[in-house]
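Colleague: the following block contains a protein sequence and its predicted model.
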Amino acid sequence: MVTCFSSADESAHYGFSVCMLLEQYRDQLGWERDGVVELGSGDATAISDVVASLPGLRVRGFDISAPSVEKARENIRARGVDDRYTVELGDFFDQADSSGGPQIATVISNPPYIPAPDRDILMPELWGGVYGNDLVLQLLKTGYDNVVAAVASYSDPVTTVRTAEDAGYRVANFLAMGLDYGTYSSEPKVRDHIRRLCDEGRGWAGDDEYMVAVALFTRNADVPGDRADQLLRALQL
Ligand SMILES: C[S@@+](CC[C@H](N)C(=O)[O-])C[C@H]1O[C@@H](n2cnc3c(N)ncnc32)[C@H](O)[C@@H]1O
């Protein structure tokens with residue numbers, strides 16, 4: 001049983017990409033005024049560094065894993081950003097918008113995206129449903145103007161991007177990176193399932209590698225362009 005998500009390369013890519021996208025669209029996203037919320041902070045190392053390097057940024061994070069929240073609070077204090085980054089224990093969808101709709105324009109997330117037939121995997125909190133994209137789809141239906149989220153090549157990215165389009169989002173920009181299978185994708189039950197999904201045309205993966213892109217999905221008319229097709233091409237191996 002694994003209790004706290006750990007994948008150094010993936011977390012670093014998530015943090016770096018969030019930082020780049022918040023910087024690039026600083027004037028349009030309004031995060032200096034309202035802050036952002038985060039689904040699934042994990043141990044918070046990735047976004048602590050972002051908060052430290054962007055002085056105007058405030059982040060309200062949530063995680064359903066108690067050991068992760070404990071570790072996150074420790075890391076946030078150690079990084080000296082506890083006045084601007086908080087992590088609460090609980091389901092993002094129950095807590096972040098308990099007032100009945102997003103009050104904040106921007107959500108960031110490296111969401112659970114492990115596809116598997118059921119939740120009985122190494123770290124059940126990382127289960128993304130049968131196709132791996134349940135949580136990002138739920139985020140895209142929650143009503144934020146801007147969703148900065150990691151999209152994995154083996155988690156039915158075409159459905160994710162088309163669902164985003166149907167909900168009125170464009171892909172403003174993204175940062176893609178190749179990753180080797182880590183602890184969670186290598187679990188035999190997960191690896192076999194990924195292979196089946198790719199054979200069915202629900203994603204792309206090599207025998208031991210896949211792609212992840214952190215993308216800004218936006219409904220903000222001030223943010224130009226749509227790179228949805230480029231994003232899908234970048235995810236193909
Ligand atoms: C892939 S990890 C990302 C952790 C961290 N953001 C990083 O990139 O290093 C996903 C995290 O989401 C958390 N999580 C899963 N479902 C959640 C939910 N409904 N609400 C809040 N957190 C959730 C998991 O416990 C896990 O820590």
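Modeller: The structure has been received and is ready for your questions.

Colleague: and the host helix or strand of Thr159, what does it pack onto?
Modeller: In the assignment (DSSP states H and E), Thr159 maps to helix 157-166. In this structure, helix 157-166 makes packing contacts with helix 134-140, strand 146-152, helix 228-234, judged by 3 or more C-beta pairs under 8 Å, 6 or more residues apart in numbering; DSSP states H and E. C-beta: built from backbone N, CA, C; applies to glycine.

Colleague: what do you get if the cut-off is 10 Å, keeping everything else the same?
Modeller: If contacts are counted by 3 or more C-beta pairs under 10 Å, 6 or more residues apart in numbering; DSSP states H and E, helix 157-166 sits against helix 134-140, strand 146-152, strand 170-180, strand 209-218, helix 228-234.

Colleague: now do the buried residues in the least confident helix or strand in the chain by mean pLDDT.
Modeller: Every helix and strand of the chain was ranked by mean pLDDT, DSSP states H and E. The lowest is helix 92-95, at a mean of 92. Of all the residues in helix 92-95, those buried under the rule 16 or more other C-beta atoms under 10 Å are Phe92.

Colleague: may I have it as CSV, with CA atoms only?
Modeller: C-alpha atoms of helix 92-95 as CSV (Å, rounded to 0.1, in the frame of the first residue of the first chain):
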residue,chain,number,x,y,z
PHE,A,92,-11.9,18.8,-4.0
PHE,A,93,-15.4,18.5,-5.5
ASP,A,94,-17.1,18.6,-2.1
GLN,A,95,-15.1,21.3,-0.6
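
Colleague: following that helix, which helix or strand shows up next?
Modeller: As assigned by DSSP H and E, the chain's next helix or strand after helix 92-95 is strand 106-109.

Colleague: that next one near the ligand at all?
Modeller: No - Strand 106-109 lies out of reach of the ligand by C-beta under 6 Å from any ligand atom, never closer than 7.1 Å.

Colleague: that strand pairs with which strands, and in what direction?
Modeller: strand 36-39 (parallel), strand 146-152 (parallel) (DSSP bridges).

Colleague: pick the most buried one from those.
Modeller: Comparing the strands paired with strand 106-109 by mean neighbour count (mean count of other C-beta atoms under 10 Å), strand 146-152 comes out on top with a mean of 27.

Colleague: need the strands paired with strand 106-109 in TSV with mean pLDDT and distance to the ligand, can you?
Modeller: Shown next, in TSV, are the strands paired with strand 106-109 (pLDDT from 0 to 100; distance: least, C-beta to the nearest ligand atom, whole Å):
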stretch	mean pLDDT	distance to the ligand
strand 36-39	97	5
strand 146-152	98	8
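
Colleague: name the nearest residue to Arg84, ignoring sequence neighbours.
Modeller: Once flanking residues are discounted, Arg84 sits nearest to Arg58: 4.7 Å by C-beta to C-beta, 6 or more residues apart in numbering.

Colleague: what does Ala150 give?
Modeller: Closest residue to Ala150 apart from its sequence neighbours, by C-beta to C-beta, 6+ apart: Asn110 at 4.4 Å.
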